[in-house]
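Participant: No letters, just coordinates:
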DNA sequence: CCCTTGCGTAACCGAATGGTTACGCGTATA
DNA sequence: TATACGCGTAACCATTCGGTTACGCAAGGG
């Protein structure tokens, strides 16, 4: 129904599928062969991934080839970016603090 | 039960809570006041966030102050990083392609 | 032309999710 | 000390989720 990238990558199986497809495009069957769960289950995971654009599927004869569209992760990246800046600033200030300590020790 | 950052940020309410706490630390009550859902619901969202480390909570008298720990998003960032590289490479090659087109046109 | 194969989907089921109200407990306050 | 407040949690409920098996259909190969 909804195309939510955050929901899509919340599932470890779907992250694994993305990991697989990052190496090479492959058919639905081939994807399913990499997992122990049933093919319909994979089919539904792929549907979620397709609906949010993370995976594109094209028909080739009777097969369907899956391919990832990594740029669709951009929303996640953009959402995270400010927080990444926050924690980097935190680390920087911690380093500065350590640096300050060292300096203090050196000058005494 | 499980402390899964990916699951934690999959929920829009929890992302909103993180957004709130990014501006300033605040009590559970204050967080709840920003939403239309009940306080117990917020309490449980906060629990999820706390269990995966994204939010730290410290008791202060009868209040509990919430604070985000943005560095806990690192796993998500690290998981995403290769894909970000992929889509940037894609963009680069597209630019190179455009560049190539321009050059070809220019030389003919 | 049949039979196999790749695939989606429907129907079903148990577990997890996310909301609610009701309650209890500890801390501030009048 | 009585009362109000901040908070977590239990109990309950509806919905969603993720798995399964069973099926149908279209494309390829004997």
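Facilitator: On my side now, so go ahead. This is a predicted model, so every value here is computed, not measured.
Participant: Return the set of buried residues in the helix or strand containing residue A:31.
Facilitator: Following DSSP states H and E, one finds residue A:31 within helix A:28-33. Within helix A:28-33, the residues scored as buried using 16 or more other Cβ atoms under 10 Å in any protein chain shown are A:28, A:31-32. All C-beta atoms are positioned from the backbone trio N, CA, C, and that covers glycine.
Participant: Stretch A:12-19 too?
Facilitator: A:14, A:17-18.
Participant: could you list every residue that touches residue A:65?
Facilitator: A:25-27, A:57-59 (Cβ atoms under 8 Å, 6 or more residues apart in numbering or on different chains).
Participant: again, only this time at 7 Å
Facilitator: A:25-27, A:57-58 (Cβ atoms under 7 Å, 6 or more residues apart in numbering or on different chains).
Participant: That one: what secondary structure?
Facilitator: When classified by DSSP: H, G, I helix; E, B strand; the rest coil, residue A:65 comes out as strand.
Participant: How much space separates it from chain B?
Facilitator: Per Cβ to the nearest Cβ, to the nearest Å, residue A:65 is found 18 Å from chain B.
Participant: Residue A:86 too?
Facilitator: Taken as Cβ to the nearest Cβ, the span from residue A:86 to chain B is 4 Å.
Participant: and stretch A:72-88, average pLDDT?
Facilitator: For stretch A:72-88, the mean pLDDT works out to 95.
Participant: tell me which parts of chain A are close to chain B?
Facilitator: A:6-7, A:9-10, A:15, A:22, A:70-71, A:73, A:76-77, A:79-80, A:82-84, A:86-87, A:90 (Cβ under 7 Å from any Cβ of the partner chain).
Participant: What subset of those is buried?
Facilitator: Buried members of the residues of chain A next to chain B, scored by 16+ other Cβ under 10 Å, are A:6-7, A:9-10, A:70-71, A:73, A:76-77, A:79-80, A:83-84, A:86-87.
Participant: Those also near DNA strand D: which ones?
Facilitator: With Cβ under 7 Å from any atom of the strand as the criterion, these include A:7, A:10 near DNA strand D.
Participant: coming back round to it: return the member of the buried residues of helix A:28-33 nearest to residue A:100.
Facilitator: Using Cβ to Cβ, residue A:31 comes nearest to residue A:100 of the buried residues of helix A:28-33, at 52.9 Å.
Participant: Wait, the closest one touches residue A:66, no?
Facilitator: Yes. With contacts counted by Cβ atoms under 7 Å, residue A:31 reaches residue A:66, the gap being 6.1 Å.
Participant: Surely residue A:56 forms part of a strand?
Facilitator: Yes. The assignment for residue A:56 (three-state DSSP) places it in a strand.
Participant: where does it land on pLDDT?
Facilitator: The model reports residue A:56 with a pLDDT of 97.
Participant: Now do the helices in chain A.
Facilitator: Ranges of helices in chain A, per DSSP state H, are A:5-8, A:12-23, A:28-33, A:39-51, A:74-107.
Participant: export those to JSON lines and tack on distance to residue B:44?
Facilitator: As requested, the helices of chain A are exported to JSON lines (distance: least, Cβ to Cβ, whole Å):
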{"stretch": "helix A:5-8", "distance to residue B:44": "18"}
{"stretch": "helix A:12-23", "distance to residue B:44": "22"}
{"stretch": "helix A:28-33", "distance to residue B:44": "35"}
{"stretch": "helix A:39-51", "distance to residue B:44": "25"}
{"stretch": "helix A:74-107", "distance to residue B:44": "22"}
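Participant: Thanks a lot, catch you later.
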